[in-house]
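Engineer: only geometry, no sequence info:
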Ligand code: SAM
């Protein structure tokens, strides 16, 4: 008796319980912007499967039309994943094949596909990846930051406290960190990165593979200043430098580590009797960031949860 499960993707399989051949769950990568990134194999698989399960069927229909694929679509997304997931599993157990696609990129990366894959594996249904574009890896390889070791953290939690806790957990991690972020949350997330991890190198990779593809490389503080004149529009990946070995292993934390810029300035005002201006100057010097960054932090009126670009920038 062995407790390993061996899947031979291209040999016939049965589902173990009924003896019938199980269908295959294909995970099909689709373009993240540029339709020319569609692969021949993706088109062939989407043409041949019994069903295509899509996050947004209208969006996927457009993609299928573009490649003259007349597949039967069914919807599988965050809000119907349990019901739709069990219907997909039944189809697979009945021998039908299903291709799962996400709105863009690789299914099961920061989308509900991961639950379907888990269930398919549990039910001994073969799961076959059809590789394609992915925003995180495309951003990483062009970032200029180390790629030998990297960690994908996906989207940070929306709640500031929870997001801070995640950043605290990975603070001394030396691998390059890859994050996804929505444009209206880019500024609060960058501020939080500065507060939690200090002024590391970062690359903001925007609109990958699209007409306005752009890489902004700098430090978190310099990118924040840059964003003051350029409101974030479009889709973004953030590639953040890992902790320095010295920072994580040897350096004693500064007294202000863990304080927000506002708290840092307030301590100089209250405990050292500095004026607001001098306290800002001193805090900026401690953190090795431009004064304007601290000034903006101290004077900002918005919350992390602000949900529009305008709010973020007021
Ligand atoms: N499954 C997708 C993948 O493989 O890349 C990711 C889906 S996730 C729901 C969407 C996030 O991916 C966006 O908020 C953004 O952070 C990132 N993203 C997707 N397309 C992008 C693009 N063209 N340029 C930059 N980031 C992108």
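Structural biologist: Received the coordinates, thanks. As the structure is a computational prediction, the values presented were derived from the model and not from experiment. Numbers count the residues shown, from 1 in each chain.
Engineer: Now do the same for the closest residue to residue 63 other than its chain neighbours: its pLDDT.
Structural biologist: By the measure of CB to CB, 6 or more residues apart in numbering, the closest residue to residue 63 outside its immediate chain neighbours is residue 30, 6.1 Å from it. Where you see a C-beta, it was placed from the backbone N, CA and C, and this is true even at glycine. Per-residue pLDDT puts residue 30 at 98.
Engineer: residues contacting residue 30?
Structural biologist: 38, 42, 60, 63, 101-102, 104-105, 132-133 (CB atoms under 8 Å, 6 or more residues apart in numbering).
Engineer: just residue 293 next, same as before
Structural biologist: By CB under 8 Å, 6+ apart, the contact list for residue 293 reads 194, 221, 224-225, 261, 284.
Engineer: That one falls within a helix, correct?
Structural biologist: Yes - assessed with DSSP: H, G, I helix; E, B strand; the rest coil, residue 293 lies in a helix.
Engineer: And it, how close does it get to residue 184?
Structural biologist: 20 Å (CB to CB, to the nearest Å).
Engineer: hmm, back to that, wait, which of the contacts of residue 30 is closest to residue 50?
Structural biologist: Minimum distance to residue 50 across the contacts of residue 30 is 14.4 Å, recorded for residue 101 (CB to CB).
Engineer: per-residue confidence at the closest one?
Structural biologist: 97.
Engineer: Would you agree it is in contact with residue 56?
Structural biologist: No - Residue 101 is beyond contact range of residue 56, at 9.7 Å (criterion: CB atoms under 8 Å).
Engineer: Counting neighbours, go ahead and name the busier of those two.
Structural biologist: residue 101 (31 against 14; other CB atoms under 10 Å).
Engineer: That one: what's it in contact with?
Structural biologist: Here residue 101 is in contact with 28, 30, 46, 52-55, 60, 63, 107 (criterion: CB under 8 Å, 6+ apart).
Engineer: List the contacts of the residue of the chain found nearest the ligand.
Structural biologist: Closest to the ligand within the chain is residue 105: 2.4 Å, counting by CB to the nearest ligand atom. With contact set as CB under 8 Å, 6+ apart, residue 105 has these partners: 29-30, 32, 132-135.
Engineer: which residues does residue 77 contact?
Structural biologist: Per CB under 8 Å, 6+ apart, neighbours of residue 77: 55-56, 84, 112.
Engineer: Which pair of those spans the longest distance?
Structural biologist: For the contacts of residue 77, and using CB to CB, no pair is farther apart than 56 and 84, which are 13.1 Å apart.
Engineer: circling back to that earlier point, taking the contacts of residue 101 together, which two end up most distant?
Structural biologist: Farthest pair in the contacts of residue 101, by CB to CB: 46 and 55, 14.7 Å.
Engineer: which one of those two has more residues nearby?
Structural biologist: residue 46 (23 against 20).
Engineer: Then the more buried one would be within a helix, right?
Structural biologist: Yes - counting by three-state DSSP, residue 46 is found in a helix.
Engineer: burial count for the nearest residue to it once chain neighbours are set aside?
Structural biologist: Nearest-residue entry for residue 46: residue 69, 4.8 Å, with adjacent residues in sequence omitted and distances by CB to CB, 6+ apart. Residue 69 is flanked by 20 other residues according to other CB under 10 Å.
Engineer: hang on, residue 69 is in a strand, isn't it?
Structural biologist: No - per three-state DSSP, residue 69 lies outside any strand segment and is coil.
Engineer: my read: it touches residue 43, true?
Structural biologist: Yes - Residue 69 lies in contact with residue 43 (CB under 8 Å); the separation is 6.7 Å.
Engineer: all strands of the stretch 1-150 of the chain, in order?
Structural biologist: Taking DSSP state E, counting those that start in this stretch as the criterion, the stretch 1-150 of the chain carries its strands at 25-28, 51-54, 73-75, 98-101, 127-130, 150-155.
Engineer: how distant is the last one from the center of its chain?
Structural biologist: For strand 150-155, the separation from the chain centroid amounts to 6 Å (computed by CA atoms, centre = their mean, to the nearest Å).
Engineer: Likewise for the shortest one?
Structural biologist: Its chain's C-alpha centre and that of strand 73-75 lie 24 Å apart, by CA atoms, centre = their mean.
Engineer: and it, what does it pack onto?
Structural biologist: strand 51-54, helix 57-66, helix 81-93 (3 or more CB pairs under 8 Å, 6 or more residues apart in numbering; DSSP states H and E).
Engineer: what mean pLDDT does it have?
Structural biologist: 97.
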